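1. Give the three-dimensional model of this entry:
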Amino acid sequence: METSKKQRVYFLDWMRMIAPLMVMIVHGCECYYSDDFNFHFDSDEGRLATGFIGGLVRSCVPIFVMASAYLLVPIKTDTFTFFKKRAARILCPFIFFLLLYASLPAAWGLFEWSDVPGQMAHVLLNFHPSGSHLWFIYMLIGLYLLMPMISPWLERCTRREEEFYLGVWLFTTTFYHWHEQFGRVFGECEWNPYAIFYHFSGFIGYVIMAHYIRKYLDWSKALTYKVCIPGFLITYALMVWSFLSRSHWAANPQGLEMDWQMTSTLVALNSFFVFMLFKTINYHEGKVYKVVSSFSAMSYGMYLMHMLILPHFWNLFYPTSLPVGAAQILTAVCAYLTSYVVARILSIPRWGKYLIG
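-> Model (predicted):
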């Protein structure tokens with residue numbers, strides 16, 4: 001996100017530095033128990049480690065979205081200027097890594113070199129499975145396409161109107177459990193997935209939440225800590241309890257992660273508390289902040305490339321004599337630091353921004 005020095009918001013740099021590490025911890029945990037279609041725990045120790053570590057960082061994707069939206073909406077330019085700036089920042093690196101995930105893994109045997117032309121053709125439609133985390137970029141691009149549409153409304157709506165639609169959105173975050181208990185609801189059917197609340201659901205709620213926080217929630221540190229630390233701990237505890245309980249009977253990863261879904265109620269609330277706690281950070285002095293701002297600048301490229309790197313560290317650390325939790329954390333930290341180094345190298349040429357954002 002481009003901001004001038006005058007309007008730089010320092011806590012967003014801290015958030016953009018830490019959020020990629022949170023994502024990599026999530027993926028380090030998933031290396032242990034899930035392949036997107038099945039899940040399995042080798043031990044109760046691994047089950048507990050995954051629950052307590054993974055539950056701690058489930059806000060990673062929502063706060064990424066909120067960090068992107070915090071200064072963007074309502075947009076300040078005409079629509080096509082907005083899209084042009086976003087394209088240079090988002091699309092070019094995205095396309096580069098789409099092609100890379102469809103080809104480079106052949107070097108370590110994930111698929112045959114002869115499969116590469118077909119893989120490259122497939123990415124015109126969707127990401128390659130080796131880069132499944134790229135789903136986030138498709139979603140983010142969709143939000144950017146919506147931002148010019150919702151910006152006029154955000155400029156003129158009242159606080160109560162915005163709270164009403166945030167309430168409707170929060171209601172939709174309960175639908176994971178509604179679907180589990182009752183199946184299709186509120187007009188959903190085989191020929192119509194666009195039911196009553198469809199257009200109020202999903203990640204757009206985080207965009208509105210970020211705008212609402214910026215415009216209306218100028219809390220003191222004391223009030224933020226008083227509200228958000230207990231709120232974070234309660235939602236975290238409930239997410240861990242849900243995951244561990246479901247791990248004994250859920251039939252698939254979707255059922256296991258019911259309350260870990262990025263647009264579920266507990267994650268939405270937890271993300272609000274995490275974002276507000278980050279908002280209290282205003283430190284921007286000396287060498288520490290230089291490191292923070294450097295990691296922040298590389299965060300998009302780090303996110304894009306990390307799944308080319310992280311599985312190799314997982315194979316290095318697990319199975320070994322290390323506890324599962326230690327292997328998960330080491331995998332994430334090593335992938336994080338390696339991704340940063342590679343992103344810094346790719347950023348050196350003048351055209352580096354087209355590779356790492």
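
2. rest of the way, CA atoms for contacts and neighbours
-> Noted.

3. show me where pLDDT drops low in this protein?
-> The model of the chain has pLDDT under 70 over residues 1-7.

4. Could you pull up the residues touching the most centrally placed residue in it?
-> By Cα atoms, centre = their mean, the mean C-alpha position of the chain lies nearest to residue 61, the distance being 1.7 Å. Neighbouring residues of residue 61 by Cα atoms under 8 Å, 6 or more residues apart in numbering: 19, 23, 262.

5. Specify the next element, helix or strand, located C-terminal of the helix or strand containing it.
-> Element membership for residue 61, per DSSP states H and E: helix 60-70. Proceeding N to C from helix 60-70, the next assigned helix or strand is helix 79-86, under DSSP H and E.

6. Mind listing what's buried along the first helix or strand past that following helix going along the chain?
-> Using DSSP H and E, the next helix or strand after helix 79-86 towards the C-terminus is helix 92-101. Within helix 92-101, the residues scored as buried using 16 or more other Cα atoms under 10 Å are 92, 93, 94, 97, 98, 99, 100, 101.

7. and the nearest residue to residue 187 once chain neighbours are set aside, what does it touch?
-> Nearest non-adjacent residue to residue 187, counting by Cα to Cα, 6 or more residues apart in numbering: residue 195, 4.9 Å away. Taking Cα under 8 Å, 6+ apart as the criterion, residue 195 is in contact with 185, 186, 187, 188.

8. ok but residue 195 is inside a helix, no?
-> No. Counting by DSSP: H, G, I helix; E, B strand; the rest coil, residue 195 is not part of a helix but coil.

9. Quick check: the gap between it and residue 76.
-> Per Cα to Cα, to the nearest Å, residue 195 is found 32 Å from residue 76.

10. and if you look at residue 82?
-> 8 Å.

11. More neighbours: those two, which one.
-> Remark: of residue 82 and residue 76, residue 82 carries more neighbours, 17 against 12, as counted by other Cα atoms under 10 Å.

12. What values do phi and psi take at the closest residue to residue 252 other than its chain neighbours?
-> Leaving aside its chain neighbours, residue 252 sits nearest to residue 38 (5.6 Å; criterion: Cα to Cα, 6+ apart). Main-chain dihedrals, residue 38, degrees, to the nearest 10: phi -140, psi 160.

13. isn't residue 38 right up against residue 253?
-> Yes. Contact status for residue 38 versus residue 253: in contact at 6.0 Å, counting by Cα atoms under 8 Å.

14. So the two - more neighbours on which side?
-> Shown here are residue 38 and residue 253; by other Cα under 10 Å, residue 253 has more neighbours (19 against 12).

15. what residues are up against that one?
-> By Cα under 8 Å, 6+ apart, the residues touching residue 253 are 34, 36, 37, 38, 39.

16. For the third one, which three-state class applies?
-> Under the three-state scheme (three-state DSSP), residue 37 adopts coil.
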